[in-house]
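Peer 1: Predicted model follows, preceded by the sequence.
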Amino acid sequence: MSTSKTYPLIVIGGGSAGLTAARSAAYLGVPVALVEKERIGGDCTWAGCVPSKALLKAAKVAQTARNAAPFGVQTAHVHVDMPAVRAYVQSVIQHIYAHETPETLQAEGIDVYLGGATFEDPHTIRVGETLRLRGKRFILCTGARPFIPPIEGLESVPFETYETIFNVDRLPQRLIVIGAGPIGAELGQAYARLGARVTLIDVAFLPTEEPEVRTVLLPRLAAEGVTMRTGLVARVARDGAEIAVWVEDDPTPLRGDMLLVATGRTAALDGLGLDAAGVAVSPKGLLVDETLRTSQPHIFAAGDCIADNPQFSHLAGAQGFTAFRNALLPLKSKARRAAVPAVIYTEPEVARVGLTEAQARAQFDDVRTTTWALDRVDRAVTEHDTDGFIKAVHRANGTLLGATIVAERAGEVLTEFTAALERGARLTALSAPMRAYPTYSSGVAQLAGAAWRARWLAHPRWGPLIRRLARWWAYRLR
């Protein structure tokens, strides 16, 4: 074992949270070590945000070519070259990874160590088999890994996860996806657009979203070749070149030539030696307080390894910065829990922030909703894509509680609601900023105006009074 080196801060894990924490320290000139078990960039760069969006783009191009006729454009047969699609996805990964390589980080002032980290005591970690590092403060940013459910026969059949599917260069004829959450919905639609017949299996489709989301998306997916099968998977088996999947209470199996398990993610904590560090952990991940401090005062955590933490790259990055501040600086700040945006990158996109209607009604007794259909947003009409809506959840006085958007570029438009939630603003305040025309964000102003009219002009007492005052003033004009 080599001689140990001591750092004011050691960050374990080089994904979104770890990179933000380590870079924040380096920007201030603080000596910092970043320890990564596999590849710098984490799931976001290699197996999540980046490759999935690149694959979705390729699939969208194929679908757009097939559906060009309404625009007066005639296209011949669309051919998908799956090895070329994979090459495109990998090129996007490499472009982004170029800003995250060990050499890049070293040049920024970060000491990078590649290897698994294991605590030997609360202040010492072993990296690989030959190196020991000591730290005054630690930030654990080890991320998550695919959750594999205990399904009978699953261990005996080949299957893909979000970690492996982007390395596949063949297009299946029939893809079976276990899981109809965000990962299943995105990849299911992508593979259907690339030419596969896709079946999603789950107890519900996007169960945490507003019911209206399913009303819009399920028919859209069905039209593109995605079948939603409701139920629990009982068992799976290999049958020659095929994979057979049995859904509970149905003796007839579904058959496909590729199986994707998309049943969520679980905190990646294996091999860390948390017992030796004295860090408390639950079956769901690390336990932290509101400042992201673990049960050890000098050890913090950020990102997907935290128990019951929404698993978003942008939240992990924000928490990485918060953990850095609280670990090294005297003024402590609370980790962000509210107004965390979430986007599912299907087409149309599903973007949500704050509370759903059901969540709001469980907390307040004066909940109201205002919805604006996408066919009343002129930009959506020009794009020939009017399946969707903008929905705001608010209190009777107009205080915004949450919003859901189903639309093209919904994730970009959602920022207006996120900013309003952070300010504690009322929905009607969103009608004030001038927006360029035609844009999808103009629908937010239209919705805010509709909420104002519903609150005041439709009120049985105030509505008639406001109109009488307006008419009276108008007649007094000279």
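Peer 2: Done, it's in.
Peer 1: Which strand or helix spans residue 219?
Peer 2: Residue 219 is part of helix 211-223 when elements are defined by DSSP states H and E.
Peer 1: Can you point out the buried residues in the helix or strand just after that helix?
Peer 2: Heading C-terminal from helix 211-223, the first helix or strand you meet, by DSSP H and E, is strand 226-230. The neighbour-count criterion (16 or more other C-beta atoms under 10 Å) identifies 226, 228, 229 as the buried residues of strand 226-230. Any C-beta I mention is one placed from the backbone N, CA and C, and that applies to glycine too.
Peer 1: Which secondary structure elements does the helix or strand where residue 400 lies sit against?
Peer 2: Counting by DSSP H and E, the element that carries residue 400 is strand 400-407. With contacts taken as 3 or more C-beta pairs under 8 Å, 6 or more residues apart in numbering; DSSP states H and E, strand 400-407 sits against helix 211-223, strand 349-354, helix 357-363, strand 389-395, helix 410-423.
Peer 1: Just want the angle from that strand to strand 349-354.
Peer 2: Between strand 400-407 and strand 349-354, the angle formed by their directions is 180 degrees, by axes from the mean of the first three to the mean of the last three C-alpha atoms, to 10 degrees.
Peer 1: 6 is where my numbering starts, stick with that
Peer 2: Taking 6 as the first residue, the last one we looked at is strand 405-412.
Peer 1: Direction included, what does strand 405-412 pair up with?
Peer 2: In the sheet, strand 405-412 lines up against strand 354-359 (antiparallel), strand 394-400 (antiparallel) (DSSP bridges).
Peer 1: Show the contacting residues for the residue nearest to residue 344 when sequence neighbours are not counted.
Peer 2: Ranked by C-beta to C-beta, 6 or more residues apart in numbering and with sequence neighbours excluded, the top spatial neighbour of residue 344 is residue 426, at 4.2 Å. Residues touching residue 426, when contacts are defined by C-beta atoms under 8 Å, 6 or more residues apart in numbering, comprise 343, 344, 358, 359, 405, 406, 407, 408.
Peer 1: now for the residues you listed, which pair is the farthest apart?
Peer 2: Taking C-beta to C-beta as the measure, the contacts of residue 426 span a maximum distance of 13.1 Å, between 343 and 408.
Peer 1: out of those two, which sits in the busier spot?
Peer 2: More crowded of residue 343 and residue 408, by other C-beta atoms under 10 Å: residue 408, with 31 against 9.
Peer 1: and that one, what are its bridge partners?
Peer 2: Residue 408 has these beta-bridge partners by DSSP bridges: residue 358, residue 397.
Peer 1: quick one: average pLDDT of stretch 51-58?
Peer 2: Averaging pLDDT along stretch 51-58 yields 96.
Peer 1: buried stuff in the strand holding residue 405?
Peer 2: The neighbour-count criterion (16+ other C-beta under 10 Å) identifies 405, 406, 407, 408, 409, 410, 411, 412 as the buried residues of strand 405-412.
Peer 1: so which of the residues you listed would you say is closest to residue 206?
Peer 2: Sorting these by how near they are to residue 206, with C-beta to C-beta, puts residue 411 at the top with 23.0 Å.
Peer 1: Name all residues that make contact with the closest residue in space to the closest one that isn't next to it in sequence.
Peer 2: Using C-beta to C-beta, 6+ apart and skipping the chain neighbours, the partner closest in space to residue 411 is residue 393 (3.9 Å). With contacts taken as C-beta under 8 Å, 6+ apart, residue 393 has the following neighbours: 221, 353, 378, 379, 385, 410, 411, 412, 413, 415.
Peer 1: Verify the stated contact: residue 361 with residue 216.
Peer 2: No - assessed by C-beta atoms under 8 Å, residue 361 is found out of contact with residue 216, at 9.2 Å.
Peer 1: more neighbours, the two?
Peer 2: The residue with more neighbours, out of residue 361 and residue 216 and counting by other C-beta under 10 Å, is residue 361; that gives 21 against 11.
Peer 1: State which strand of this structure is the longest.
Peer 2: Secondary structure of the chain read by DSSP state E shows that its longest strand is strand 136-145.
Peer 1: Tell me how confident the model is about that one, as a mean pLDDT.
Peer 2: Confidence for strand 136-145, expressed as mean pLDDT, is 97.
Peer 1: what's the answer for stretch 327-339, then?
Peer 2: Averaging the model's pLDDT scores along stretch 327-339 yields 94.
Peer 1: end-to-end on it?
Peer 2: Terminal residues of stretch 327-339 are spaced 8 Å apart (C-alpha to C-alpha, to the nearest Å).
Peer 1: which other residues reach it?
Peer 2: Residues lying outside stretch 327-339 but in contact with it, judged by C-beta under 8 Å, 6+ apart, are 13-14, 22, 25-26, 29-30, 35, 142-144, 146, 295-298, 303, 305-307, 340-341.
Peer 1: what about it, distance to the chain center?
Peer 2: 25 Å (C-alpha atoms, centre = their mean, to the nearest Å).
Peer 1: Could you check that stretch and say which residues are buried?
Peer 2: Under the neighbour-count criterion of 16+ other C-beta under 10 Å, stretch 327-339 has 327, 328, 329, 330, 331, 332, 333 buried.
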